[in-house]
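Visitor: okay, here's the prediction I keep looking at, along with the sequence it came from:
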Amino acid sequence: MMKKLFTTAILALSILMIYCNDSVKPKNTANEVLDLFVSSVNDKNLDSLNAVFSSKAKIYEQGSVDDSWEHYRDGHLGKEIEEMQEMTFSVEVAESLVNKEMALLQGNYLIKGEMQGQQINSAGLVTLSMQVEEDMRKIVHLQFSRGCK
């Protein structure tokens, strides 16, 4: 009797663990978030970017720090992408670590365009950290840093 009860308890706990583990699976992938981030910047669509950033995100760009997505969007990124003409932005992922709760992507970025009559060619390293919020992966940390010369 005790063996049967123990076996039933183990089976029930296993089913519960599988059910709970599947319930935290995000509805989007890290690559989908990255693709939406890149395409939204290229399309100059700040509304779409709202969907991929956590409101608590920290953004580090070339030595400056923005302590929220809204601050970065309204005070920095939005103004830049609006002013830049013929802009192209790309990210090439070199390394990634992804599980059901978080994702870390590292790679290289390239921004080309023209701003105030000057040609812009900015390239360097990018790191994106994502966490699951309300069943969706969101960027909680973004860091751009120019490569060494």
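Guide: Yep, it's here. Numbering: from 1, shown residues only.
Visitor: pull the contacting residues for the closest residue in space to Tyr109 that isn't next to it in sequence.
Guide: With Cβ to Cβ, 6 or more residues apart in numbering as the criterion, Tyr109 has its nearest non-adjacent residue at 4.2 Å, and that residue is Val126. Using the backbone N, CA and C atoms, a C-beta is placed for each residue, glycine as well. Counting by Cβ atoms under 8 Å, 6 or more residues apart in numbering, Val126 makes contact with Val91, Leu105, Gln106, Gly107, Asn108, Tyr109, Leu142, Gln143, Phe144, Ser145.
Visitor: tell me the secondary structure of Val126, please.
Guide: On the three-state scheme (DSSP: H, G, I helix; E, B strand; the rest coil), Val126 is labelled strand.
Visitor: partners of it in the sheet?
Guide: Gly107, Phe144 (DSSP bridges).
Visitor: distance of it relative to Lys44?
Guide: The span separating Val126 from Lys44 equals 19 Å under the rule Cβ to Cβ, to the nearest Å.
Visitor: Ile111 too?
Guide: Relative to Lys44, Ile111 is positioned 13 Å away (Cβ to Cβ).
Visitor: got any residues that touch both of those two?
Guide: Met87.
Visitor: and the two? Which one has more around it.
Guide: Using other Cβ atoms under 10 Å as the criterion, Ile111 and Lys44 rank with Ile111 on top: 20 against 14.
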